[in-house]
Every structure is written in structure tokens, then in C-alpha cells.
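Chemist: what would the 3D arrangement of this be:
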Amino acid sequence: MAKVYTLAEVSEHNTRKDCWLVIGGKVYDVTKFLEDHPGGDDVLISSTGKDATDDFEDIGHSASAKAMMEEFYIGEFSTSSLPTETKYTPPKQPYYNQDKTSEFIFKTLQFLLPIIILGLAITIHFYSKSSA
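Modeler: Here you go, the predicted model:
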């Protein structure tokens with residue numbers, strides 16, 4: 001029976017001299033493969049300390065690459081050691097009263113000021129004709 005590793009145990013192996021990955025519920029010691037990996041060793045090292053299944057599958061590895069993984073297999077991964085996902089709750093926003101903003105006042109003045117000037121001009125014109 002294969003040894004079962006927790007996330008804490010796997011996370012300790014995250015360097016170029018000691019690199020373990022979790023892919024598909026299995027643990028692989030890929031330390032000897034780091035130099036030969038076509039994508040470079042940084043790709044593998046950045047996938048340590050987590051379930052790297054999605055990272056592995058997103059690349060679209062060949063069947064021969066998947067078969068090669070068996071030589072690096074060292075045990076099973078305990079999925080119960082994964083942290084539970086927490087639902088993101090956005091912070092509460094203060095009540096936003098659009099009528100009180102300076103932008104609203106500015107836009108209102110942009111609309112009303114020309115109307116007021118036009119009204120004054122018509123009034124002055126009307127009274128200047130009637131007094132003459």
C-alpha cells in the first residue's frame with residue numbers, strides 16, 4: 001500500500017534540491033526531473049505546496065509525458081488535508097446618495113446656468129423694449 005501524504009508534508013518539499021508535486025491525487029518527487037523538464041524548473045517549483053492538477057492539465061501534456069510520471073510516483077495525497085474554500089464576501093459599502101455628490105451639483109449647474117442666462121437675456125430685452 002502506498003504512503004499517504006498530507007499537504008503539510010508535501011509543502012515542505014519546494015526547492016530545486018527537493019521538489020514534490022501533487023497531480024491527480026498522487027504525489028510525485030520530481031527533483032531528478034527538474035533539469036530535464038521542457039518548461040524549465042521554475043514551472044515545477046511554482047506548482048509545489050498545492051494541488052497542481054489544474055496546472056498540469058492546462059498545459060496539455062502528451063501521453064508519453066503522463067507515462068513518464070510513474071517513475072516519479074512516491075505515494076497518494078490526502079485530499080482531507082486541503083484547506084476548505086471560503087466564499088468571498090465583499091466588504092459592505094456605505095450608502096451612496098447620488099444627489100449629494102459634487103459631480104451631480106456640477107452637472108445640474110451645467111444644465112441650469114445657460115437656462116438662467118437665457119431667461120435673464122429675454123427679460124432684459126423685454127423690459128428694455130417696453131420702457132423705450
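
Chemist: any idea how far apart the tips of stretch 70-88 sit?
Modeler: 37 Å (CA to CA, to the nearest Å).

Chemist: swap in stretch 90-107?
Modeler: So stretch 90-107: terminal residues 31 Å apart, CA to CA.

Chemist: try stretch 11-27
Modeler: 11 Å.

Chemist: residues contacting that stretch, please?
Modeler: Contacting residues not belonging to stretch 11-27 are listed as 5, 7, 10, 28-31, 34, 41, 44-45, 47-53, 56, 69, 73-77, 79 [CB atoms under 8 Å, 6 or more residues apart in numbering]. Where C-beta positions appear, they are placed from N, C-alpha and C, glycine not excepted.

Chemist: now the residue nearest the centre of the chain, what's its secondary structure?
Modeler: Centroid-nearest residue in the chain, with CA atoms, centre = their mean: Y88, separated by 12.0 Å. Classification of Y88 by DSSP: H, G, I helix; E, B strand; the rest coil places it in coil.

Chemist: any idea how far D55 is from it?
Modeler: The spacing between Y88 and D55, counted by CB to CB, to the nearest Å, is 22 Å.

Chemist: same check on F111?
Modeler: Between F111 and D55 the computed distance is 55 Å (CB to CB).

Chemist: more crowded one of the two?
Modeler: Applying other CB atoms under 10 Å to F111 and D55 shows that D55 carries more neighbours, namely 15 against 8.

Chemist: all helices of this structure, in order?
Modeler: Assigned helices in the chain, in chain order: 7-11, 41-45, 53-59, 63-68, 102-131 (criterion: DSSP state H).

Chemist: give me the contact list for the second one.
Modeler: Looking back up the chat, that one is helix 41-45. N14, T15, R16, C19, L21, V30, F33, L34, E35, H37.

Chemist: separation between the residue nearest to the centre of the chain and D54?
Modeler: Taking CB to CB as the measure, Y88 falls 19 Å from D54.

Chemist: right, I'll leave it there.
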